[in-house]
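Asks: Please work out how this folds:
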Amino acid sequence: MSGFVPKMEIMYLTMGGCAGLGYGLSFSPCSTIISYYFKKHRALANGIVVSGSGIGALTYPAIYSFLIKKYGLHGTFWVIGGILLNVCVAACVFKQPKLLLKEKESQESTGSRKDQELLLKKGLDKQKSKDTLTNCYGLDFRFSLFRNPRFSMYCVSFVLCMNGYGNNLIMIPAHIKDVGYDTTHAVYGVTIMGGCEVVARIAFGLIADRNIMKRKHIFLFSMLIASVFSFIAPFFDSFVFLGIYAGVIGTFPGSFWSLVSVLIIDVVGMEDFAPAFGLVMLCLALGVVISQPAVGWLKDYTGNWHASLILTGCLFLLAGLLISFEQYILRFFKKQPVPTVDITIVTEFPLKNNQTIKPADDTDSLLDENGDIFTSSRISRTYTPYDTEQYQSNKQDLQVPVVDTNDV
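Replies: Residues are numbered from 1 along each chain as shown. Below is the predicted model of the structure:
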């Protein structure tokens, strides 16, 4: 549609609205469905999947440059639209985990079920819980997940990371051109970033699966490295450093996409993974809407990208600090449990010899057939303020029913 648009303003609808909606709807299924098929190598599987975007970042800048020179902007939109249409073909080979579960159930008539199948069944066949706050035409928006302080903390940290990473997609090529290099060097910068993403996302997924380092520690380390390089970037103008900076951003914050799914599963489990992932993506999108225009405004105000680079470093640093203070944040939001008393109303007291005692009221009595009161030394004095000697001396004046230990 953008290939037929004569004015830039209309592209806010065609590219910003229509294409953006399509990108969002296609990204979430690709990122969530893979986690239902893998357990032991889940992080590696997610790393391989999200490395596809790194391959795109590695190849598409050169493709865009060639197409624009060959066919112009409108012709480029038509070619890109044709390429993206193949996503529909790829989606046809997707198979929902629920269908996979049904196939395995029909093939395996005997034997114990695997843990993965149990998770699939619980995650996909689970009835809508009472904590669902919003349900619109069958769509389950699990906003109550934000009541989980750990989930909310990771969600905020992901937003900060994504804002910093997304800002660099704009700043790296623009900053390279701003310091005096041509478009070819800008393309090289984005290509370096994409190439590092491909390798890092697979490598970090492998590290996470083999427990060489805890997943949250990988994320924390990546944020600290990215923040340091963002803070020192304004002091260097050579293309060698800018290329290294692009590689660092692609390697460390760029690899967070291979960890986001497994970290969400660590926090909420497989049962709530799909709605939790959707909420995280919603928050990421809202954050990008604010952060990317902000770095552009800073550039317009200051005349260079230095302030924007420092802001990006602050975002990375805050994302890491939030995870590093996890135990203190959870301790702050942790509420003291309210003591509860389990009160059970007993309608009958079973005794040996098929005897029962019903609780006394204004008309009933707890005397046995011979008119004797049942007694027991195990009954607490809190409820029976008398002693055995008093009972033996004056049995008729005793008003509190007790039970004989030999008959219970």
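Asks: buried stuff in stretch 179-199?
Replies: Buried residues in stretch 179-199, counted by 16 or more other CB atoms under 10 Å: 181, 185-199. To be clear about C-beta, it is placed using only N, CA and C from the backbone, and glycine gets the same treatment.
Asks: Do me a favour and get the end-to-end distance for stretch 199-219?
Replies: In stretch 199-219, first residue to last residue: 16 Å (CA to CA, to the nearest Å).
Asks: Name the nearest of the buried residues of stretch 179-199 relative to Met270.
Replies: Glu197 (26.7 Å; CB to CB).
Asks: out of everything not next to it in sequence, what's closest to the closest one?
Replies: In space, and not counting its chain neighbours, Glu197 is closest to Gly54: 3.2 Å by CB to CB, 6 or more residues apart in numbering.
Asks: List the residues that contact that neighbour.
Replies: 194-198, 201, 250, 254 (CB atoms under 8 Å, 6 or more residues apart in numbering).
Asks: Show me where the stretch 51-200 of the chain has its helices.
Replies: Assigned by DSSP state H, counting those that start in this stretch, the helices in the stretch 51-200 of the chain fall at 97-107, 115-125, 149-178, 183-209.
Asks: Kindly report which one of those carries the lowest mean pLDDT.
Replies: Note on these: lowest mean pLDDT is at helix 115-125, with a mean of 55.
Asks: so where is the stretch 251-400 of the chain shaky, pLDDT-wise?
Replies: Along the stretch 251-400 of the chain, segments meeting pLDDT under 70 span 335-400.
Asks: Which parts of it are strands?
Replies: Using DSSP state E, counting those that start in this stretch, the strands assigned to the stretch 251-400 of the chain run over residues 349-350, 356-357.
Asks: For the residue nearest to Glu197, report the pLDDT, please.
Replies: Note for Gly54: predicted pLDDT of 80.
Asks: Check the burial of the residue lying closest to Phe204 once chain neighbours are set aside by counting its neighbours.
Replies: Nearest residue to Phe204, sequence neighbours excluded (CB to CB, 6+ apart): Ser255, at 4.2 Å. Counted by other CB atoms under 10 Å, the residues lying close to Ser255 total 28.
Asks: Numbering from 431 from now on, please.
Replies: Got it, first residue is 431 now, which makes that one Ser685.
Asks: circling back to that earlier point, make TSV out of the helices of the stretch 481-630 of the chain and add distance to Lys437.
Replies: Shown next, in TSV, are the helices of the stretch 481-630 of the chain (distance: least, CB to CB, whole Å):
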stretch	distance to Lys437
helix 527-537	44
helix 545-555	46
helix 579-608	23
helix 613-639	25
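Asks: so which of those comes closest to Glu439?
Replies: For these, proximity to Glu439 was assessed by CB to CB; helix 579-608 is nearest, at 20.3 Å.
Asks: Which neighbouring elements make contact with that closest one?
Replies: Applying 3 or more CB pairs under 8 Å, 6 or more residues apart in numbering; DSSP states H and E, we find helix 579-608 packed against helix 613-639, helix 645-662, helix 669-681, helix 687-698, helix 703-732, helix 736-754, helix 756-763.
Asks: Relative to Phe457, which of those helices is closest?
Replies: helix 703-732 (7.3 Å).
Asks: in that closest one, what counts as buried?
Replies: So, applying 16+ other CB under 10 Å, buried residues of helix 703-732: 703-711, 713-714, 717-718, 721-722, 725-726, 728-729.
Asks: Using PDB, write out the CA atom coordinates for stretch 513-527.
Replies: C-alpha atoms of stretch 513-527 as PDB (Å, rounded to 0.1, in the frame of the first residue of the first chain):
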ATOM      1  CA  ILE A 513       8.900 -10.600   0.300                       C
ATOM      2  CA  LEU A 514       6.800 -10.200   3.400                       C
ATOM      3  CA  LEU A 515       3.900 -12.000   1.800                       C
ATOM      4  CA  ASN A 516       6.100 -15.100   2.100                       C
ATOM      5  CA  VAL A 517       5.500 -14.900   5.900                       C
ATOM      6  CA  CYS A 518       2.000 -16.200   5.200                       C
ATOM      7  CA  VAL A 519       3.500 -19.200   3.500                       C
ATOM      8  CA  ALA A 520       5.800 -19.800   6.400                       C
ATOM      9  CA  ALA A 521       2.900 -19.500   8.800                       C
ATOM     10  CA  CYS A 522       1.100 -22.300   7.100                       C
ATOM     11  CA  VAL A 523       3.700 -24.800   8.400                       C
ATOM     12  CA  PHE A 524       3.100 -23.700  12.000                       C
ATOM     13  CA  LYS A 525       1.400 -26.300  14.100                       C
ATOM     14  CA  GLN A 526      -0.300 -25.400  17.300                       C
ATOM     15  CA  PRO A 527       1.000 -27.200  20.400                       C
END
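Asks: which residues make contact with stretch 671-678 from outside it?
Replies: 598, 602, 605-606, 609, 618-620, 622-623, 625-626, 655-656, 659, 663, 666.
Asks: cool, stretch 648-667 as well?
Replies: 587, 591, 594-595, 605, 609-610, 634, 637-638, 643, 671-672, 674-675, 678-679, 682-683, 685-686, 689, 693, 734-736, 739-740, 742-744, 746-747, 749-750, 753-754.
Asks: pLDDT of it, averaged?
Replies: Here the average pLDDT along stretch 648-667 is 94.
Asks: which intervals of the stretch 431-580 of the chain have sub-threshold pLDDT?
Replies: Where the stretch 431-580 of the chain drops to pLDDT under 70, the residues are 527-570.
Asks: 90 instead?
Replies: The stretch 431-580 of the chain contains residues with pLDDT under 90 at 436-439, 446, 450, 453-470, 480-495, 520-574.
Asks: Just the strands from it, written as ranges.
Replies: Counting by DSSP E, counting those that start in this stretch, the strands of the stretch 431-580 of the chain are 564-566, 569-571.
Asks: hang on, the earlier thing: against Phe634, how distant is the residue nearest to Glu627?
Replies: According to CB to CB, to the nearest Å, Gly484 and Phe634 sit 12 Å apart.
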